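Q: Structure of the sequence below:
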Amino acid sequence: MINFLRLAHFNENNPAIPDNQPEQQYSHAFGARHDVVYDSYPTPPTSQKAHILKKSIRMIIVRHPFTRLLSAYRDKMTKIRPKPARFHFRKLQTKIISKYRPVDSKNKSPHPTFEEFVQFVIDDTKNITSGKDWRQA
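A: Below is the predicted model of the structure:
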């Protein structure tokens, strides 16, 4: 999203941003949010979408797999009520703890450690070998 904000020249001339802290240009403190990007690049009218899509360059932006894994851990395993609730992440947290934390562990945290979480992911995906397997998991 930061790259799209750069392309839109977001906050380039904001006098509130200190000269010695240009990275603040893309911080939440100065209004950099996803909705700003969406506002900067609005969806074309329905009547023009087909024409624009034919002439557009398509791209996909992905994060490094480790970054995604760490993000999932922080978002779903370190909170008592992770969202969305319908996926029952709290139950998954307790399942991971009961399976991977030794009974005599000094760790009494209600959240899995990163190591416990990663071991769960490794074990839970070891038999997945195709795209079809991923969709059914």
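
Q: ok, and Leu92, which helix or strand is that part of?
A: Per DSSP states H and E, Leu92 falls inside helix 89-100.

Q: Just the buried residues of that helix, please?
A: 89-90, 92-93, 96-97, 100 (16 or more other C-beta atoms under 10 Å). To be clear about C-beta, it is placed using only N, CA and C from the backbone, and glycine gets the same treatment.

Q: Starting from Thr125, give me the distance back to the spatially most central residue of the chain.
A: Closest residue to the average C-alpha location of the chain: Ser71 at 5.6 Å, with C-alpha atoms, centre = their mean. Using C-beta to C-beta, to the nearest Å, Ser71 is found at 17 Å from Thr125.

Q: neighbours around Pro112, how many?
A: Counted with other C-beta atoms under 10 Å, residues neighbouring Pro112 total 26.

Q: per-residue pLDDT, it?
A: With respect to pLDDT, Pro112 has a value of 98.

Q: try the one 3 residues further on
A: Confidence per residue is given as pLDDT, and for Glu115 that number is 98.

Q: which ones are touching it?
A: Tyr100 (C-beta atoms under 8 Å, 6 or more residues apart in numbering).

Q: Tell me which stretches of this protein form helices.
A: 2-7, 34-40, 46-55, 65-72, 89-100, 114-125, 131-136 (DSSP state H).
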